[in-house]
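Novice: next come a sequence and a model predicted from it.
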Amino acid sequence: MDHQLTRLSKRLSYVLRHHPDKIGIQLDRYGRVDLQTLIQKFNQHFGTPISEKIIREIMKDSDKQRYAIEGHTIRALYGHSIPVDPLTPPVEPPEKLYHGTTHAAARFIVDEGLKKMDRDFVHLSANPQMAIQVGKRRDPHPVIFEIEARKAAASGLLFYPTESGVWLVDSMPAKFLKIIDQ
């Protein structure tokens, strides 16, 4: 994705995941907003040209599916720091899931488990490669946790899949975690 599209994608994420009020839009309980309203308010606020065509180009060129256009609405698929309800029902997860993080955070995670912190959900990766990629955003050599997802689900935790291979869960107790790379 080129620099301009990356910049627009980051602004779109900021608005749809964290601060819709910044441009004067309101999301429904699932994080959706009318696409044309978003485009109009986005362009007014940022003064940068965005259109449905550009948003679809961002979606096509991104290695992570961050947004979904559903009929006349758009939403971020995950990563919200504002409360939104998941659109999909919980499902049984795969046997293992993964989480990449910094060495500093890993020290706490070992004892306290994974917590959602300032987000609506804990994000888990479908495979170790995804977890490494996520972890490298904040640490060049991230710590990778393997999660016994199926055992956690059997204990009552609910798992929500996303189209991008990210799995969402409210929290993950330390007893289901094991460091596999550090």
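Specialist: Cool, got the structure. Numbering: from 1, shown residues only.

Novice: right, and the helix or strand after the lowest-mean-pLDDT helix or strand in the chain?
Specialist: Each helix and strand of the chain was given a mean pLDDT (mean pLDDT, DSSP states H and E); the minimum falls on strand 67-70 at a mean of 82. If you walk from strand 67-70 toward the C-terminus, the next helix or strand you reach (DSSP states H and E) is strand 73-76.

Novice: now for that next one, which elements pack on it?
Specialist: Taking 3 or more CB pairs under 8 Å, 6 or more residues apart in numbering; DSSP states H and E as contact, the helices and strands that strand 73-76 lies on are strand 32-34, helix 35-46, strand 67-70. Every residue, glycine included, has its C-beta placed from N, CA and C.

Novice: rewinding a little: the least confident helix or strand of the chain pairs with which strands?
Specialist: Applying DSSP bridges, strand 67-70 is found paired with strand 73-76 (antiparallel).

Novice: would you mind giving the domain segments of the chain?
Specialist: According to the domain assignment given by automatic domain parsing, the chain is divided into the following structural domains: 3-76, 96-181.

Novice: between the helix or strand harbouring residue 9 and helix 35-46, how big is the angle?
Specialist: Assigned by DSSP H and E, residue 9 belongs to helix 3-13. Here helix 3-13 points in a direction 110 degrees away from that of helix 35-46 (axes from the mean of the first three to the mean of the last three CA atoms, to 10 degrees).

Novice: who touches helix 3-13?
Specialist: 1, 42, 46, 48, 50, 54-55, 57-58, 61-62, 66-67, 76, 79 (CB atoms under 8 Å, 6 or more residues apart in numbering).

Novice: now it - C-alpha only, CSV.
Specialist: Coordinates of each C-alpha in helix 3-13 appear next as CSV, following Å, rounded to 0.1, in the frame of the first residue of the first chain:
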residue,chain,number,x,y,z
HIS,A,3,2.1,6.1,1.6
GLN,A,4,-1.1,8.1,1.0
LEU,A,5,-3.3,5.1,1.3
THR,A,6,-1.5,4.1,4.5
ARG,A,7,-2.1,7.5,5.9
LEU,A,8,-5.8,7.4,5.0
SER,A,9,-6.1,3.9,6.5
LYS,A,10,-4.6,5.0,9.8
ARG,A,11,-7.0,8.0,10.0
LEU,A,12,-9.9,5.7,9.1
SER,A,13,-8.9,3.3,11.9
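
Novice: thinking again about what came up before, filter the contacts of helix 3-13 to the buried ones?
Specialist: By the neighbour-count criterion of 16 or more other CB atoms under 10 Å, the contacts of helix 3-13 include these buried positions: 42, 46, 50, 54-55, 57-58, 66-67, 76, 79.
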